[in-house]
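**Student:** From the sequence below, what's the structure:
(one chain, ligands or ions: 1)
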Amino acid sequence: MVVRMSDRKPLIAIPADARLLGPHVFHAAAEKYLRAVTDVVGGLPFILPVMAEQLSFDDVLGRVDGILLPGSPSNVEPHHYDGPPSAPDTAHDPARDAFTLPLIQAALARGVPIFAICRGLQEMNVALGGSLHQRVQELPGMQDHREDTTQSLEVQYGPSHEVSILPGGLLADLLGQPRILVNSLHWQGVDRLAPGLRAEAVADDGLVEAFTVPSAPGFNLAVQWHPEWHATENPVSMAMFIAFGDACRLRRQTGG
Ligand SMILES: N[C@@H](CCC(=O)NCCCC(=O)O)C(=O)O
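**Tutor:** Below you'll find the predicted structure:
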């Protein structure tokens, strides 16, 4: 049987969290991101170890058809955007920062499709020269964008607030509606949007909740909410993942 390259599922890299489990570091990703790739994108997910010193971006980017940048409870370390020190006991993931920030720049330059979620959006903004608020809920006039961790996961990842879709952008084209309801599980948020980024959605308190990099040659979209949660049950999530998947399949078929 002859299997054309284009018949194979697009290979989607999901950069891991580097987490200490007992005495050892594991490179892990939450299954809900893997399922979004298998169930909606129709791709082959693989967890990409965040080993900046051992892995070559050229090697990685030459083999993958797309990158899904997942969320994480950890924060981007503030020294990456000249921010003030984090509050005590803030979770960080320096290995992930050291890997994803340059990976994002290289992937955008090469036109590798990127879909960034929550921490992934924050990484993308920082990687391109933007900055973050570390505790949005403490800023005057801003909403509390955190989840209530005393509630069930269904409640934590359930609908939280509306965002306005800005006209003329990718999301406006994909979704065809001026406002959508999203979930919200974050402390950090976009402070200074990096140069060249187009805001695609904003919360009612003005926080940028989605953006794209129009000048990049490939598909790219970053959202602050979590479309991977029950993605197949949400038409907005489906539209975004399908658009990402189409871009990844095209890259596979054309060799990038
Ligand atoms: N730590 C950052 C990013 C928040 C984030 O990505 N939350 C997701 C948690 C777990 C998951 O669903 O992947 C912040 O607090 O802003």
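**Student:** just checking, residue 103 touches residue 59?
**Tutor:** No. Counting by Cβ atoms under 8 Å, residue 103 does not reach residue 59; the two are 11.6 Å apart. Placement of C-beta: from N, CA and C, glycine included.
**Student:** can you confirm residue 26 is in a helix?
**Tutor:** No. Counting by DSSP: H, G, I helix; E, B strand; the rest coil, residue 26 is located in no helix; its state is strand.
**Student:** how far away is it from the ligand?
**Tutor:** 15 Å (Cβ to the nearest ligand atom, to the nearest Å).
**Student:** give me the number of residues near that residue?
**Tutor:** Burial of residue 26 is recorded as 12 neighbouring residues (other Cβ atoms under 10 Å).
**Student:** list the buried ones in the helix or strand harbouring residue 180?
**Tutor:** If you go by DSSP states H and E, residue 180 is part of strand 179-182. By neighbour count on 16 or more other Cβ atoms under 10 Å, the buried set for strand 179-182 is 180, 182.
**Student:** List of residues touching it?
**Tutor:** 159-165, 201, 209, 223-225, 236 (Cβ atoms under 8 Å, 6 or more residues apart in numbering).
**Student:** List the buried residues for the top helix by length along the chain?
**Tutor:** In the chain, assigned by DSSP state H, the helix with the most residues is helix 235-254. Going by neighbour count (16+ other Cβ under 10 Å), the buried part of helix 235-254 is 236-237, 239-241, 243-245, 247-252.
**Student:** any idea which of the residues you listed is the one closest to residue 48?
**Tutor:** Proximity to residue 48 was ranked across these by Cβ to Cβ; first place goes to residue 248, at 14.5 Å.
**Student:** Any idea how many residues pack against residue 205?
**Tutor:** The burial count for residue 205: 14, using other Cβ under 10 Å.
**Student:** repeat for residue 18
**Tutor:** Neighbours of residue 18 using other Cβ under 10 Å come to 20.
**Student:** wait, what's in contact with it?
**Tutor:** Counting by Cβ under 8 Å, 6+ apart, residue 18 touches 25-27, 50, 93, 95-96.
**Student:** change it to 10 Å
**Tutor:** By Cβ atoms under 10 Å, 6 or more residues apart in numbering, the residues touching residue 18 are 25-28, 49-51, 74, 93-99.
**Student:** ok, residue 103 and residue 59, which is more surrounded?
**Tutor:** The neighbour count for residue 103 versus residue 59, taken as other Cβ under 10 Å, is higher for residue 103 (26 against 9).
**Student:** what's the distance between the more buried one and residue 225?
**Tutor:** For residue 103, the distance to residue 225 equals 22 Å [Cβ to Cβ, to the nearest Å].
**Student:** Break down the stretch 1-150 of the chain into its helices, ranges please.
**Tutor:** Residue ranges of the helices in the stretch 1-150 of the chain, as given by DSSP state H, counting those that start in this stretch, are 31-36, 57-63, 94-110, 119-127.
**Student:** Right, I'll call it a day here.
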